[in-house]
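> Attaching a predicted model along with its sequence, questions to come.
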Amino acid sequence: VQLQASGGGLVQPGGSLRLSCAASGSIFGLNGMGWYRQTPGKQRELVAVFTSGGSPSYGDSAKGRFTISRDNAKTTVYLQMNSLKPEDTAVYYCNARIYSSLGYRSYWGQGTQVTVSS
């Protein structure tokens, strides 16, 4: 079981990026899939996540600018980031709680760097 994140990069302030995260492996069930981010010296913070009820939930920094979505199989999530600001610069991590043959646990993707700079 693994989460594979992609889509980070360098973008100018005001620009957009779309991140993707795909879950793969022998997965029996999955919930709470979403995105977190971390900058050096700070704790990892919530960006956007699908709740166990299936609704999107956003951190304060993402509200109104970022949109989380997922595919029909609910094993891939996307984060559309618009109106990016320099303070959005961080490593973005995908997370999900996955039920597999290994049991039920939280998984993290490898992280993808987003840099917002002119």
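That came in fine, so what should we check first?

> Can you pull out the low-pLDDT segments for the protein?
Counting by pLDDT under 70, the chain contains no low-confidence segment.

> Strands along that one, start to end?
2-6, 9-11, 17-24, 27-38, 45-50, 56-58, 66-70, 76-81, 90-100, 103-108, 112-116 (DSSP state E).

> Just put those strands in a markdown table and tack on mean neighbour count.
In this view, the C-beta of every residue, glycine as well, is placed from N, C-alpha and C. Shown next, in a markdown table, are these (neighbours: other CB atoms under 10 Å):
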| stretch | mean neighbour count |
| --- | --- |
| strand 2-6 | 17 |
| strand 9-11 | 14 |
| strand 17-24 | 19 |
| strand 27-38 | 18 |
| strand 45-50 | 20 |
| strand 56-58 | 16 |
| strand 66-70 | 17 |
| strand 76-81 | 21 |
| strand 90-100 | 20 |
| strand 103-108 | 12 |
| strand 112-116 | 18 |
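
> Quick one: residues contacting W35.
Going by CB atoms under 8 Å, 6 or more residues apart in numbering, W35 touches L19, C21, V47, A48, V49, I68, V77, L79, Y92, Y93, C94, N95.

> For the residue nearest the centre of the chain, give its distance to V77.
Centroid-nearest residue in the chain: W35, 2.4 Å away (criterion: CA atoms, centre = their mean). From W35 across to V77, the span is 7 Å (CB to CB, to the nearest Å).

> Brilliant, that's me finished.
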